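*Asks:* below are the sequence and a predicted model for it; my questions follow.
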Amino acid sequence: MSERTLVLVKPDGVSRGLVGEVISRIERKGLSLVALELKHVSKELAEQHYAEHKERPFFGSLVEFITGGPVVAIVVEGVRAIAAFRQLAGGTDPVEKAVPGSIRGDFGTEVQYNLVHGSDSADSAKREIDLWFPNL
Ligand code: IDP
């Protein structure tokens, strides 16, 4: 059954020129792009997006990072799209968790600057797509 997920190429991924690489991997996996936008992220949007991390010590720094440069927001659709993109992204820590062959495993070294975001559940995907693409 087809489902949708929200993918972000974070500011580090955009500034390093990895937007095409990420899109290419999404397409090669067999997933489709439904909406795509280069966005300058407001503090309010960043805080809402990462609301579940509000109490974490890295929250302020994470919001600063996400608002520090443009991101590319993408709605991705396909069979098992949520888990499939999480697999493409790799684990949160690009060195300890993400395996080579994944986006983070191939291109990242730092936990915060881990290049991409992908929704982690059907509920998060719905909430995040509504937040980033209210007109979709
Ligand atoms: P995920 O992006 O793999 O789903 P989450 O645990 O939801 O990981 O964390 C959200 C984002 O917060 C991560 O992608 C990363 O950018 C950042 N982050 C997570 N843990 C840490 C940390 O310990 N220090 C700094 N940043 C972190």
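*Replies:* Done, it's in.
*Asks:* what's the burial count for P94?
*Replies:* For P94, the count of nearby residues is 23 (other C-beta atoms under 10 Å). All C-beta atoms are positioned from the backbone trio N, CA, C, and that covers glycine.
*Asks:* what about L36, which SS state?
*Replies:* strand (DSSP: H, G, I helix; E, B strand; the rest coil).
*Asks:* for it, give its distance to M1.
*Replies:* L36 is 23 Å from M1, where distance means C-beta to C-beta, to the nearest Å.
*Asks:* which of those two has more residues huddled nearby?
*Replies:* L36 (15 against 4).
*Asks:* who's that one bridged to?
*Replies:* I74 (DSSP bridges).
*Asks:* do I have it right that it meets A73?
*Replies:* Yes - with contact defined as C-beta atoms under 8 Å, L36 reaches A73; the gap is 7.2 Å.
*Asks:* now for L115: which residues touch it?
*Replies:* L115 sits next to 9-10, 12-13, 16, 18, 22, 89, 94, 103-104, 107-108 when contact means C-beta atoms under 8 Å, 6 or more residues apart in numbering.
*Asks:* buried only: go through those residues for me.
*Replies:* 9-10, 12-13, 18, 22, 89, 94, 103-104, 107-108 (16 or more other C-beta atoms under 10 Å).
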